[in-house]
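> Sequence plus predicted model, see below.
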Amino acid sequence: MTKKKVVIIDSNIVNDYSLCLGQGIINNNSDVIIIVPENRLDNGFEDVKMLKWLPSKNRKVSKLYKIYAYLKYISKFIGLIFKYKPDAIHFEFFRFKSDFLLFPLLRLMKPKLVYTAHNIYPHERNKSDYFLHKIVYSAAEEIIVHSNFIKKRLIASFPVNEKKVKVIAHGNFDHYLPEHLSNKCDARKLLGISQNENVALFFGYIREYKGVDLLLEAFKIIKEKNIKIKLLLAGAPYSDNLKREYLQMIEDYKLKDIISYKLDFIKNEEIQNYFLAADLVVLPYKNIDHSGIVHLAFSFAKPIAASDVGDFSETIIDGRTGFIFKNNSPEDIAGTIFHAFENKQKLEEMGLQAKMDSDTLYSWKEIGKKTLELY
């Protein structure tokens, strides 16, 4: 394969998808530069060249400075294109909605313009989103999606040429596996969970669409039926109001004895403790296109119980790497979790199968190769 030069733009400060993709591209004998926010953590990707040009996502930084930093970024970005002469410009996540308006201009330039539609719309939509995304999907020469479900939904929602929509899987998150992996016993000691507990985990940035309210209602049912399962709830809520709402539900439902929670940002070095302590990961999302938490769970060899939304049923094979509850109700969630723990040996076998899929289907070197072929 001919050696390529690629520029990736990614506004994330936590999710390491783009850095993993960059490493996959490097492992296929090509060069990559990733433009990220000023307050982005390096997270150990020493081989990947990062330019911290995008405005900081720190809420304490003034809006006026962010506008200045954004205009400075645009100037540097255009200069980089002429100097570096990349074969492809690949957008992952936008910093501001004004980025959408860059696409028609960038399409006039030589590098191939690529966009990854992790979700075809933002999680919190407004009236301008259809118009802005229509610009992006029209101007992009290639659009990457992570499943056939997203491809079909994108084509049904926008006037997009099917030929330029390519399915390339989301890679694993083995990067979060430490060099010396701990064990379930030690992880549970650190989190104050007894060794004989059945433990279900909800992990990740907590937003309303992720269905934590349904999960808490499900555990109210589990407690009322005196079923011995503990919930581990880990992640920072999207807002203080959401945090107060869920803490109030835990109080009202008297769940403190069966729930351990850290409603705060989880540092990278702490991630392993939560997944190693768990037997099952639960994703009761109300809507989604694709979730990276699936790949994080699979990297840690954990099976998943998830709602039948988005592409969950395409990435989580019911009865093989997890469970899909068809009705996203507290009763169905509680029943699925109870069923999962009826056979702990089977649960462990499903986790090993998930890890096998993670190492093969979701290998970053293979994904890097497919992405380079698209460029």
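Ah, there it is. For clarity, every value in this text was computed on a predicted model and none was experimentally measured.
> any idea which helix or strand carries Gly22?
helix 17-26 (DSSP states H and E).
> Go ahead and measure how far stretch 131-146 is from the middle of the chain.
With C-alpha atoms, centre = their mean, to the nearest Å as the basis, stretch 131-146 stands 20 Å off its chain's centre.
> Could you pull up the mean pLDDT of that stretch?
What stretch 131-146 shows for mean pLDDT is 94.
> Endpoints of it, how far apart?
23 Å (C-alpha to C-alpha, to the nearest Å).
> which of the residues in it are buried?
Using 16 or more other C-beta atoms under 10 Å as the test for burial, stretch 131-146 gives 132-133, 136-137, 139-146. The C-beta positions use only the backbone N, C-alpha and C, and glycine is treated the same way.
> now do stretch 304-313
Using 16+ other C-beta under 10 Å as the test for burial, stretch 304-313 gives 304-307, 309-313.
> would you list those in JSON lines and tack on distance to Leu21, pLDDT and secondary structure?
Converted to JSON lines, the buried residues of stretch 304-313 look like this (distance: C-beta to C-beta, whole Å; pLDDT from 0 to 100; DSSP: H, G, I helix; E, B strand; the rest coil):
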{"residue": "Ile304", "distance to Leu21": "23", "pLDDT": "98", "secondary structure": "strand"}
{"residue": "Ala305", "distance to Leu21": "28", "pLDDT": "98", "secondary structure": "strand"}
{"residue": "Ala306", "distance to Leu21": "24", "pLDDT": "98", "secondary structure": "strand"}
{"residue": "Ser307", "distance to Leu21": "27", "pLDDT": "97", "secondary structure": "strand"}
{"residue": "Val309", "distance to Leu21": "25", "pLDDT": "96", "secondary structure": "coil"}
{"residue": "Gly310", "distance to Leu21": "21", "pLDDT": "94", "secondary structure": "coil"}
{"residue": "Asp311", "distance to Leu21": "19", "pLDDT": "96", "secondary structure": "coil"}
{"residue": "Phe312", "distance to Leu21": "22", "pLDDT": "97", "secondary structure": "helix"}
{"residue": "Ser313", "distance to Leu21": "25", "pLDDT": "96", "secondary structure": "helix"}
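> hmm, which two among these are most spread apart?
The largest separation in those, counting by C-beta to C-beta, is between Ala305 and Asp311 at 15.8 Å.
> Which residue comes closest to Tyr362 once chain neighbours are left out?
Distances taken as C-beta to C-beta, 6 or more residues apart in numbering put Asn172 closest to Tyr362, at 4.2 Å, once the chain neighbours are dropped.
> Confirm for me that the one you found is in contact with Lys365.
No: assessed by C-beta atoms under 8 Å, Asn172 is found out of contact with Lys365, at 10.8 Å.
> of these two, who's got more company?
Asn172 (25 against 13; other C-beta atoms under 10 Å).
> where along this structure do the strands fall?
5-10, 31-37, 49-54, 88-93, 112-116, 142-145, 165-167, 199-203, 230-234, 259-262, 280-283, 304-307, 322-325 (DSSP state E).
> and Ser239, how many neighbours?
Neighbour count of Ser239, defined by other C-beta under 10 Å: 12.
> An error on my part: the question was meant for Leu108.
Neighbour count of Leu108, defined by other C-beta under 10 Å: 8.
> Contact partners for it?
Counting by C-beta atoms under 8 Å, 6 or more residues apart in numbering, Leu108 makes contact with nothing.
> cool, Lys151 as well?
145, 162, 165, 167.
> swap the cut-off to 6 Å and go again
With C-beta atoms under 6 Å, 6 or more residues apart in numbering as the criterion, the residues that contact Lys151 are 145, 165, 167.
> ok, the residues you listed vs Glu208, which is closest?
Taking the contacts of Lys151 together and measuring to Glu208 by C-beta to C-beta, the closest member is Val145, at 24.0 Å.
> measure the closest one to Asp279 for me?
As for Val145, its distance to Asp279 is 31 Å (criterion: C-beta to C-beta, to the nearest Å).
> Quick one: residues in contact with stretch 347-367.
20, 24, 27, 169, 171-172, 279, 295, 298-299, 301-303, 320-321, 340.
> and with 8 Å instead?
With C-beta under 8 Å, 6+ apart, stretch 347-367 has contacts from 20-21, 23-24, 27-28, 168-172, 174, 279-280, 295, 297-304, 320-322, 340-341.
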